[in-house]
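Q: Pasting a predicted model and its sequence here:
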Amino acid sequence: MIRHRERTTPKQAGRQFSEWASLFSEGLFVILKVYGDETGTNDITGQQPGSAVPALSGLIDTSEYWTRFCVKWKKILDNYRAQFFHFREFASKHQCSKPSSPYYGWTDKKRHGFLYDLAIQISESAVPIGGACGAKRNYNLGLLGNPYEIAIRNFFESLIYELNLHWPTYDGKVLLILDYSGDEKWLLPIHKIHSEYLLKDKRIGGLTFEDDKDEKHLPLQAADLTSYIFRQYAERFVENEGKVTPPLRVLDIILNRNLNVELRQMKNTKWDKFVNLVCEDEKRQTAIWKKEGKLNQKYHPEIHFPFEKHGLKHTNRNAV
């Protein structure tokens with residue numbers, strides 16, 4: 001029996017054409033994607049709390065990797081019964097004490113496990129990039145220049161540096177996906193500097209803004225975590241006038257793993273083992289300090305972790 005094909009309506013034909021045409025959008029040809037988020041942009045003079053060092057930070061990897069990443073990130077959220085991750089809400093004890101908080105009633109152990117599971121997932125492959133500016137310092141010294149523009153330019157320079165280091169032969173486009181911010185004082189510099197770098201480096205591709213709660217763009221939640229930790233480190237660096245490199249915390253080491261080519265190529269099983277050793281040692285050492293009354297003592301793996309004891313080498317910031 002011959003079956004007659006159903007007639008396609010104009011509306012269906014239009015939808016089919018749109019789907020076909022979408023295959024030829026920039027996204028198809030983009031092999032590398034950057035997910036980024038800004039932080040510390042609530043006061044351009046840097047005088048308000050948390051605004052001393054505005055920053056733009058993110059993560060770069062292949063489109064294929066980000067697809068797998070979304071599945072793994074969602075699994076972690078589900079395991080902890082968390083709807084999403086936002087560092088500002090997670091870090092605020094005041095917000096977490098409210099029944100409306102997604103982290104309401106969480107124990108310290110659960111919070112620690114959640115944060116570190118997310119950080120370890122981030123460290124699996126993606127390379128961190130970031131740029132910052134000492135807005136408060138510059139304002140107090142009367143230095144000219146828009147601190148947001150400076151931070152964004154530093155971000156693009158970081159992107160180019162990491163491209164050359166980790167993807168030296170890559171000559172395709174890099175798509176930038178940022179978490180949407182409605183603040184024009186931030187959005188306008190973003191578009192301005194992006195336009196400059198479109199001309200400066202042919203690898204710089206399109207710029208788009210998305211919602212970090214969209215399951216297709218969950219890496220924006222990872223960028224939120226990365227940017228928050230990046231800004232904290234940048235603040236310590238600016239406070240020291242850049243004269244003394246601040247010691248790295250455990251989270252700093254985890255999130256910055258892939259800046260190092262050798263560590264990025266290491267098997268994740270070996271990396272996970274190292275992270276577990278450091279976390280256990282931090283827990284042990286912190287308990288000792290607590291008994292000794294040293295409640296303000298901070299744990300820094302570069303200083304306190306016994307690398308040699310575990311058969312690991314330690315040369316400045318290149319460990320394992």
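A: Nice, I can see it. Numbers count the residues shown, from 1 in each chain.

Q: which sections of the stretch 201-320 of the chain are below the confidence cut-off?
A: Filtered on pLDDT under 70, the stretch 201-320 of the chain yields the residue ranges 242, 314-320.

Q: mind listing the strands for it?
A: Using DSSP state E, counting those that start in this stretch, the strands found in the stretch 201-320 of the chain span residues 204-210, 314-315, 318-319.

Q: Kindly state the beta-bridge partners for residue 58.
A: residue 36, residue 129 (DSSP bridges).

Q: what's near enough to touch it?
A: Contacts of residue 58 were listed using Cβ atoms under 8 Å, 6 or more residues apart in numbering, and they are 34-37, 128-130, 155, 178, 223, 226-227. Glycine gets a C-beta too; all of them are placed from N, C-alpha and C.

Q: neighbour-wise, which of those leads?
A: The most crowded member of those, judged by other Cβ atoms under 10 Å, is residue 223 (31 neighbours).

Q: For the contacts of residue 58, could you give me a markdown table that also reports distance to residue 75?
A: Output for the contacts of residue 58, formatted as a markdown table (distance: Cβ to Cβ, whole Å):
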| residue | distance to residue 75 |
| --- | --- |
| 34 | 23 |
| 35 | 18 |
| 36 | 23 |
| 37 | 22 |
| 128 | 22 |
| 129 | 25 |
| 130 | 26 |
| 155 | 30 |
| 178 | 25 |
| 223 | 19 |
| 226 | 19 |
| 227 | 23 |
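
Q: any idea which of the residues you listed is closest to residue 202?
A: residue 34 (15.7 Å; Cβ to Cβ).

Q: Quick check: which element contains that closest one?
A: In this structure, residue 34 is located in strand 32-39 according to DSSP states H and E.

Q: can you check residue 144 too?
A: Applying DSSP H and E, one finds residue 144 in no helix or strand.

Q: Now it: phi and psi?
A: Main-chain torsions, residue 144, degrees, to the nearest 10: phi -80, psi 160.

Q: per-residue confidence at it?
A: For residue 144, the model assigns a pLDDT of 89.

Q: Give me the neighbour count for it.
A: 5.

Q: and it, how far is that from residue 154?
A: Distance, residue 144 to residue 154, by Cβ to Cβ, to the nearest Å: 17 Å.

Q: Can you name the residues that contact the nearest residue to residue 76 once chain neighbours are set aside?
A: Spatial nearest neighbour of residue 76, excluding adjacent residues (Cβ to Cβ, 6 or more residues apart in numbering): residue 117 at 5.2 Å. Residues in contact with residue 117 (Cβ under 8 Å, 6+ apart) are 76, 79-80.

Q: Recalculate using a threshold of 10 Å.
A: 73, 75-77, 79-80 (Cβ atoms under 10 Å, 6 or more residues apart in numbering).

Q: Out of the residues you listed, which end up buried?
A: 73, 76-77, 80 (16 or more other Cβ atoms under 10 Å).

Q: would you list every one of the helices in this protein?
A: Counting by DSSP state H, the chain has helices at residues 10-22, 26-29, 63-79, 87-91, 93-96, 108-122, 135-140, 147-166, 184-200, 219-239, 250-255, 261-265, 268-291, 301-304.

Q: can I get these in TSV with distance to residue 312?
A: Shown next, in TSV, are the helices of the chain (distance: least, Cβ to Cβ, whole Å):
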stretch	distance to residue 312
helix 10-22	48
helix 26-29	41
helix 63-79	27
helix 87-91	30
helix 93-96	35
helix 108-122	18
helix 135-140	37
helix 147-166	24
helix 184-200	39
helix 219-239	23
helix 250-255	13
helix 261-265	12
helix 268-291	7
helix 301-304	11
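
Q: Nearest to residue 213, out of those helices?
A: Comparing the helices of the chain under Cβ to Cβ, the one sitting nearest is helix 219-239, at 8.1 Å.
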